[in-house]
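Q: Predicted model and sequence below, questions to follow.
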Amino acid sequence: MVNSIYIYALMKALYEEGQDYLDSFWPFAVMAIPSNKSVDISYIQRRLKEKYNLEMPLHVIGVVLARAEGKKLVKRERLEQEKYRLTGAGYTYAVKLENDREVERRITALLESIEKFLEQKTVVLSCDQIRELLLYFIQRNIDFLVECINPSIGSRMVLPQKFGGNDRYLLEYVQFADHQEPENYKMLENMVMGSIISALLYVEEPEDIAKIRTTRFSNCQIFLDTNIAFSMLGLDIEEFNEPATELLSLLKKNNFELKVFSFTIDEITYVLNSYSRENYRYPLGMKVNSLYSALKRKGWSKIDAREFIIHIERTLQQSGIRIEWIKGINLSNYKTEEALRNSIKKYKPDQNLFSQNHDLAAIAKIQEIRGKPTRKIEDSKAFFLTSDVKLSRFNLETGHKEVGTICETILDRLLTNILWLKNPNTKPPLKSIIAAHSRNLFVNRRVWDRFYGVLQELKESGKVKDEGISTLFWHNYVEDALRSIEDSDANKITPQFVLEEIEKAEKKKEQDFEETKKEIEKIEKAGKQKEEDLETKRKGLEETLNKMQIELEMKEKEFSKNLESISNAKLQVEKEWLDKIQGIKQRVRGISESRAKLWSNILGLSLLLVFVISVLVAYFYFLVPLQVISLVITFTGFGGAVGLWKFAGKTKNWLFEYIYAKRLKEAELDEI
């Protein structure tokens, strides 16, 4: 059976040669027909699965065969049962395509490059293992796309076994190829794009494949989740920031209305205000999938977090993101159906109430904006854009999957894939796949918090000393140990688990020191042959040993300091500061709304007055016949008057944003 990554690469090549996405599929149907007999459509379907691992639905096969028939490559025979036979031209085409080894050659070059790169990392994998690792990397990207294209069928992707730690090296290779091996990076992009095209096989109606590129989003609003907002504003881990800013640019080019709900700003400020009391948990050397860890590595202080909170409205505006002001939603006491709460807890059992309220309120507001369920993604008036897979899964399986309607939430990488399908000339969505995989290469935040809490208890009880704790950071030992633990398994981190890991880390440290000392002793016993070279190597090893010891002492000092608890008094001061800032902004908002409403009403009344005066002047001064005026009023007058009033009403939002921004600046919040 031909490997799937070959099919993806070939599918992209066939698309480039054709006119639309259907041209990516019919060549496979032609190659599935034997050269010496007529076969029915079911035979072709089975052969596609056996030969190419392509699960092509019968209704799609019928359409692509009709296209091949139009190209004189296939002849349809109406016997007792409708069958298909290759024409002479079809046989020639199939032979030529199957003998064209250019795609296979480029794949071989890519796999050899990956194998060589892994060997440098002391990782030895067979060619089949590398293929499987690469296939997992590519296929994971389209699982959600399949469900979006046809929600009623759900995911039909069978993903290969994950290789765990080797994922990290594959991601490193992709980044290496991006800078050092452009041909191999291009091949990776082609495979990704081919896999996205392959997802179109799951459409309900074949004619929809041809409509994918021509059907556009119209007046669609994209509301950002907190996680996406952080990434688009450059606050998160760089692996997440880059694809998010690319998506932000893509959304602007496609004329989406970019917004955040005002209660999302409440969650953003809630998260950032907690930074000063949470950042101590995250050592600089640890890669934890947490905003606080990212901010700490960027060198953020408590003052930086407060500055961002104070100016968040202006920052969003400068990024082209508008705020949708929502009244009546308080995330501290948001009310909703208990059934929804119980359902979301199954997907996100450890989510705090504040954030849970935010997610449920966002979904409810998108439902309200849409007004009714939709079955076509392009007809959706609004989406809640998130990088939270669990939230997306909850939304899909709660009221959408069974009836085949479009979710209120949409994953960032899913939207990136869809926009690429709409315009394949845009940047390929490879960065979004890297980001999706990268999340699993960091230590899960909940896992780290659990580990940190247990470690803190052990230190306070005297069961572990600072020296023992510091050994956990020897050559990133603890990071490697925790990275493979899923958040659902965080409870396996017990005091016994931590003590065992400290013991293993100490043995690893002793082993590394002994090996280094033995190497130094070996050099000293080597005699005077090449004495200068031996002395240089010996000094280098000694410096490495000293550096290891200094690094360990620094981490010991940092982590011991971090384990100090935060006083309740400090927490109360931070809460009071945020409440004060929020209170001032709320008052400024109220005043701005009143002023905006007043000025928009004045504008509306002024426009209506001008309209009435114009009618009177036309009748009394210019002596325009009453019948003409009545006719004008009938067609444009009252409609025009209503239109003028509506226009004045629309200026209220612009006036509010202007007045609100001006008054916030005058409030001098920086001095609080």
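A: Okay, I see it.
Q: okay, now residue 650: neighbour count?
A: Residue 650: 10 surrounding residues under other Cβ atoms under 10 Å. The C-beta positions use only the backbone N, C-alpha and C, and glycine is treated the same way.
Q: One more: the one 4 residues further on?
A: Burial of residue 654 is recorded as 11 neighbouring residues (other Cβ under 10 Å).
Q: Report the secondary structure element holding it.
A: helix 638-666 (DSSP states H and E).
Q: cool, residue 122 as well?
A: Per DSSP H and E, there is no helix or strand for residue 122.
Q: for it, what are its contacts?
A: Applying Cβ atoms under 8 Å, 6 or more residues apart in numbering to residue 122 gives no contacts.
Q: Roughly how far does it sit from residue 455?
A: Here residue 122 is placed at a distance of 30 Å from residue 455 (Cβ to Cβ, to the nearest Å).
Q: swap in residue 473?
A: Per Cβ to Cβ, residue 473 is found 12 Å from residue 455.
Q: Would you mind pulling up the elements that the longest helix seen in the chain packs against?
A: Longest helix of the chain, by residue count under DSSP state H: helix 568-620. Judged by 3 or more Cβ pairs under 8 Å, 6 or more residues apart in numbering; DSSP states H and E, the packing partners of helix 568-620 are helix 262-273, helix 275-278, helix 302-310, helix 626-632, helix 638-666.
Q: ok, now with 7 Å
A: The contact analysis (3 or more Cβ pairs under 7 Å, 6 or more residues apart in numbering; DSSP states H and E) places helix 568-620 against helix 262-273, helix 275-278, helix 626-632, helix 638-666.
Q: pLDDT wise, what is residue 526 at?
A: Per-residue confidence (pLDDT) for residue 526: 62.
Q: can you start the count at 33 instead of 1 from here on
A: Taking 33 as the first residue, the last one we looked at is residue 558.
Q: Now do the helices in the stretch 33-182 of the chain.
A: 36-49, 58-64, 73-84, 90-102, 120-131, 134-152, 159-171, 175-181 (DSSP state H, counting those that start in this stretch).
Q: do the stretch 433-582 of the chain as well
A: Using DSSP H, counting those that start in this stretch, the helices of the stretch 433-582 of the chain run over residues 444-454, 462-470, 477-492, 498-503, 509-515, 527-556, 563-594.
Q: For those, which has the smallest mean pLDDT value?
A: Here the lowest mean pLDDT among the helices of the stretch 433-582 of the chain goes to helix 563-594, at a mean of 58.
Q: Got the domain ranges for the chain?
A: If you go by automatic domain parsing, the domain ranges for the chain are 36-131, 134-234, 247-459, 475-594, 600-703.
Q: What is the neighbour count of residue 94?
A: Neighbours of residue 94 (other Cβ under 10 Å): 15.
Q: need the contact list for it.
A: Taking Cβ atoms under 7 Å, 6 or more residues apart in numbering, we find residue 94 in contact with residue 73.
Q: Could you double-check that residue 313 sits in contact with residue 483?
A: No. Using Cβ atoms under 7 Å, residue 313 is not in contact with residue 483, being 10.0 Å away.
Q: what about the residue lying closest to residue 357 once chain neighbours are set aside, distance to residue 466?
A: Nearest non-adjacent residue to residue 357, counting by Cβ to Cβ, 6 or more residues apart in numbering: residue 294, 4.8 Å away. Residue 294 is 33 Å from residue 466, where distance means Cβ to Cβ.
Q: When those two are compared, which one has more neighbours?
A: Legend: neighbour count by other Cβ under 10 Å for residue 294 and residue 466, higher for residue 466 (21 against 15).
Q: Tell me how far that one lies from residue 503.
A: Counting by Cβ to Cβ - residue 466 and residue 503 are separated by 32 Å.
Q: Equivalent analysis for residue 457, please.
A: Distance, residue 457 to residue 503, by Cβ to Cβ: 53 Å.
Q: go on, residue 393?
A: 46 Å.
Q: Wait, residue 423 touches residue 392, no?
A: No. Look at residue 423 against residue 392 with Cβ under 7 Å: they stay out of range, at 9.9 Å.
Q: which of those two has more neighbours?
A: residue 423 (26 against 21).
Q: Show me the beta-bridge partners of residue 115.
A: With DSSP bridges as the criterion, residue 115 is bridged to residue 109.
Q: Spit out the contact partners of it.
A: By Cβ under 7 Å, 6+ apart, residue 115 lies in contact with 70, 71, 72, 109.
Q: where does it sit relative to residue 40, distance-wise?
A: Note on residue 115: its distance to residue 40, by Cβ to Cβ, is 30 Å.
Q: How about residue 477?
A: Distance from residue 477 to residue 40, counting by Cβ to Cβ: 33 Å.
Q: Looking at these two, which is more packed in?
A: residue 40 (25 against 19).
Q: and the residue lying closest to the more buried one once chain neighbours are set aside, how many neighbours?
A: Closest residue to residue 40 apart from its sequence neighbours, by Cβ to Cβ, 6+ apart: residue 226 at 3.4 Å. When neighbours are defined as other Cβ under 10 Å, residue 226 has 24 of them.
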